[in-house]
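Colleague: Here is the input, now give the coordinates:
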Amino acid sequence: MKNKLFFLLSLIVLVSLVMAACTPKATEPPAPGTEPPVPATEPPVPATEPPTAEPTAIPDISLAIYERGSLSVAECGNGYSGLFKSIEATDQYTVTFTLCNSDPAFLSKIAFSPFAIYPEEWIEATAGETTRTSEGLEKPIGTGPYMVSEWARGDKITFTAYPEYWGEAPLTNSIVFRWSSESAARLLELQAGTIDGFDNPGPDDFATIQADPTLQLTLRPALNIFYIGMTNTFAPFDNIKVRQAIAMGIDRQRIVDTFYPVGSEVASHFTPCAIPNACDGDSWYDFDVEAAKALLTEAGFPDGFQTKLYYRDVVRGYLPQVGNVAQDIQAQLKANLNIDAELVVMESGAFIEESGAGRLDGMYLLGWGADYPHITNFLNYHFTDAQLQFGVQSPTYTEKIMEGAQIADPVEAAPVYTEANNAIREYVPMVPIAHGGSAVAYRADVINPQASPLTSEMFAVTDPGGRDVFVWMQNAEPISMFCADETDGESLRACEQVMQSLYGYEINGSAVEPVLAESCVPNDDLTVWVCTLRQDVTFHDGSTFDAFDVVATFNMGLNIGSPFHVGNTNLWEYYATLWGLMSKPGQ
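Modeller: Model prediction:
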């Protein structure tokens with residue numbers, strides 16, 4: 001029986017082959033999505049032609065024109081939305097920045113540590129194929145008061161004073177960075193005298209530190225924001241009514257009252273109100289469970305839905321009790337909106353990378369501390385097209401944010417920022433929760449303790465009671481020390497001991513002052529800035545600092561076509577959001 005069946009099947013196949021050979025080939029391929037006819041008793045015949053390939057995505061296109069000492073684009077506009085037209089070393093100690101539009105915040109931005117200057121030769125030597133080499137990620141070469149001596153991963157980083165530093169010598173020859181995610185553990189170490197200072201005491205520990213004569217507490221202004229983020233390329237967060245429901249369904253006052261220290265406040269807007277134009281426009285939604293439920297029903301989720309709530313277990317001034325706040329938000333989502341949110345704790349570096357790239361398919365807890373005291377640091381970083389974390393941004397606010405960034409007078413800018421803030425409120429890319437008060441604790445004999453409102457503590461000016469080593473403990477280990485391509489505060493603070501920008505921020509303040517530049521002078525409409533550089537500065541490798549290093553640094557950060565445009569995450573978020581990369585979008 002099996003042999004007869006085999007013979008019959010073989011005969012059918014043979015006849016089919018002969019008929020196929022005698023049939024003229026079609027001059028046109030079958031219509032897309034159609035199958036060639038086959039006998040009902042036969043299995044589908046495999047296609048003889050390869051399937052039509054999907055269109056290949058075209059990556060972003062580099063527009064940068066670079067020759068040593070000169071970085072430019074051919075023209076502004078026409079697909080290019082970046083700020084720089086050109087950056088030129090007009091002589092060995094002069095750099096001219098020509099902008100496509102005026103930028104009143106230029107000095108505040110260029111003072112920020114991700115725009116610190118590296119030696120031209122080091123940039124080239126530490127560029128791997130896809131990332132910086134291990135030396136590039138762990139031992140940056142800068143011009144600052146300290147050099148990296150050793151990074152014992154998982155334990156500590158040791159910095160030693162640079163003997164040829166151009167400025168005032170640091171007050172101690174060595175500083176050590178350590179870390180612990182638990183504020184209670186950090187306090188115990190301070191009480192035991194094994195560290196000299198630590199960041200972000202827990203809210204319940206403020207009174208304990210202030211009552212201890214062997215310790216001191218230094219408060220910071222609340223120039224930060226804690227928010228619940230949502231990426232609208234994932235359902236159901238692609239539905240604006242879902243996002244608005246979540247905005248109304250969280251009792252933000254309860255969170256601040258329960259988990260935040262004195263000096264904290266519920267956020268009425270994304271940007272802290274101490275910054276000009278921050279709170280122009282309407283305040284955020286009131287807590288209203290019934291209105292939130294009605295919106296969820298209109299969106300098609302009368303019974304709620306399931307999602308995830310991502311966070312990293314790293315204390316910040318904007319989020320002092322991470323796990324407790326996450327659990328409270330989880331409980332509120334369930335009780336108020338019947339949303340089941342699974343808590344997902346991620347490693348800090350992975351969390352920053354995934355959230356920044358817009359790849360988290362749920363809600364997430366994140367925040368921001370001021371890098372410089374201007375509204376562009378909050379709105380332009382988070383709510384322009386270059387930022388991916390919220391998904392598709394809305395032109396209802398992106399266009400107004402770009403317009404406002406070019407207006408120097410806060411009074412003139414107020415109507416523009418009113419529209420921008422109101423449009424963010426309507427679109428709800430995130431839910432602003434709190435501006436968190438924070439502090440720094442030190443041993444009582446530490447002189448000139450640091451508590452920067454920008455969390456950029458500079459320990460070269462701190463005297464640890466005459467001890468040879470100053471030991472600092474922060475909330476987490478730096479992700480890397482190549483801070484041109486980092487956004488993590490723990491990484492930036494470590495870099496700031498080593499690296500310097502053309503300008504910087506005053507000690508324990510936010511005003512800008514010259515550092516590697518003697519001055520940067522604009523033209524009348526703030527589109528051309530001429531920076532005269534110091535001539536007495538050397539890098540830690542002994543090489544001389546000059547204008548070519550400045551242009552090479554910005555080429556590394558802005559020019560996506562450069563072989564030296566490799567970092568750690570390769571997101572280059574600060575370069576992309578505050579300046580705009582020298583490229584135009586692909587397809």
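
Colleague: OK, contacts around the spatially closest residue to residue 580 that is not a sequence neighbour?
Modeller: Spatial nearest neighbour of residue 580, excluding adjacent residues (C-beta to C-beta, 6 or more residues apart in numbering): residue 82 at 2.9 Å. Where C-beta positions appear, they are placed from N, C-alpha and C, glycine not excepted. Residue 82 is in contact with 73, 100, 558, 579, 580, 581, 582, 583, counting by C-beta atoms under 8 Å, 6 or more residues apart in numbering.

Colleague: Surely residue 82 is within a helix?
Modeller: No: applying DSSP: H, G, I helix; E, B strand; the rest coil, one finds residue 82 to be coil, outside a helix.

Colleague: Pull up the per-residue confidence for it.
Modeller: Turning to residue 82, the model gives it a pLDDT of 95.

Colleague: any idea how far it lies from residue 487?
Modeller: Going from residue 82 to residue 487 by C-beta to C-beta, to the nearest Å gives 19 Å.

Colleague: can you check residue 325 too?
Modeller: Between residue 325 and residue 487 the distance is 21 Å, computed by C-beta to C-beta.

Colleague: ditto for residue 354
Modeller: Residue 354 sits 13 Å away from residue 487, taking C-beta to C-beta as the criterion.

Colleague: just residue 150 next, same as before
Modeller: With the distance defined as C-beta to C-beta, residue 150 ends up 25 Å from residue 487.

Colleague: How about residue 252?
Modeller: In this structure, residue 252 and residue 487 are separated by 24 Å, where distance is defined by C-beta to C-beta.

Colleague: Tell me the secondary structure at the residue nearest the centre of the chain.
Modeller: Here the mean C-alpha position of the chain is nearest to the C-alpha of residue 487 (C-alpha atoms, centre = their mean), at a distance of 4.2 Å. The assignment at residue 487 comes out as coil when based on three-state DSSP.

Colleague: What of residue 574?
Modeller: Going by three-state DSSP, the secondary structure assigned to residue 574 is helix.

Colleague: How many neighbouring residues does it have?
Modeller: Look at residue 574: counted by other C-beta atoms under 10 Å, it has 23 neighbours.

Colleague: same deal with residue 237?
Modeller: Using other C-beta under 10 Å as the criterion, residue 237 is surrounded by 22 other residues.

Colleague: Hmm, it is touching residue 245, no?
Modeller: No: contact status for residue 237 versus residue 245: not in contact, 10.8 Å apart, counting by C-beta atoms under 8 Å.

Colleague: wait, residue 515 sits on residue 502?
Modeller: Yes: judged on C-beta under 8 Å, residue 515 makes contact with residue 502 at a distance of 6.5 Å.

Colleague: out of those two, which sits in the more crowded spot?
Modeller: The neighbour count for residue 515 versus residue 502, taken as other C-beta under 10 Å, is higher for residue 502 (27 against 22).

Colleague: circling back: go through the contacts of residue 82 and flag which are in helices.
Modeller: Of the positions in the contacts of residue 82, residue 558 sit in helices, assigned by DSSP state H.

Colleague: what pLDDT, on average, does stretch 347-362 get?
Modeller: Along stretch 347-362, the predicted confidence averages to a pLDDT of 95.

Colleague: can you list the residues that contact that stretch?
Modeller: For stretch 347-362, the external contacting residues (C-beta under 8 Å, 6+ apart) are 229, 231, 233-234, 307-312, 314, 341-342, 344, 346, 364, 366, 388-391, 476, 479, 487-488, 569, 571, 573.

Colleague: Can you list the low-confidence ranges for this structure?
Modeller: 1-56, 587 (pLDDT under 70).

Colleague: Could you pull out the strands in the stretch 351-500 of the chain for me?
Modeller: 363-369, 430-435, 438-443, 469-474 (DSSP state E, counting those that start in this stretch).

Colleague: doesn't residue 189 make contact with residue 474?
Modeller: No: counting by C-beta under 8 Å, residue 189 is not a contact partner of residue 474; they are 11.9 Å apart.

Colleague: Common neighbours of those two, please.
Modeller: Looking at what touches both residue 474 and residue 189 (by C-beta under 8 Å, 6+ apart), the common residues are residue 198.

Colleague: of those two, who's got more company?
Modeller: Neighbour comparison, residue 474 and residue 189: the larger count goes to residue 474, with 25 against 17 (by other C-beta under 10 Å).

Colleague: Ignoring the adjacent residues along the chain, who's closest to that one?
Modeller: That would be residue 199: by C-beta to C-beta, 6+ apart, it lies 4.7 Å from residue 474.

Colleague: and that neighbour, what does it touch?
Modeller: Residues near residue 199 by C-beta under 8 Å, 6+ apart: 186, 438, 440, 455, 472, 473, 474, 475.

Colleague: re earlier: separation between the residue nearest to residue 580 and residue 95?
Modeller: From residue 82 across to residue 95, the span is 17 Å (C-beta to C-beta).

Colleague: re the thing from before, so what sits against both of residue 515 and residue 502?
Modeller: Overlap between the contact sets of residue 515 and residue 502, as judged by C-beta under 8 Å, 6+ apart, is given by residue 111.

Colleague: ChimeraX command to pick out the buried ones of the contacts of stretch 347-362?
Modeller: Typed into ChimeraX, the next command selects the buried ones out of these (criterion: 16 or more other C-beta atoms under 10 Å):
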select :229,231,234,307,309,310,311,312,314,341,346,364,366,388,389,390,391,476,479,487,488,569,571,573
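
Colleague: Noted, bye for now.
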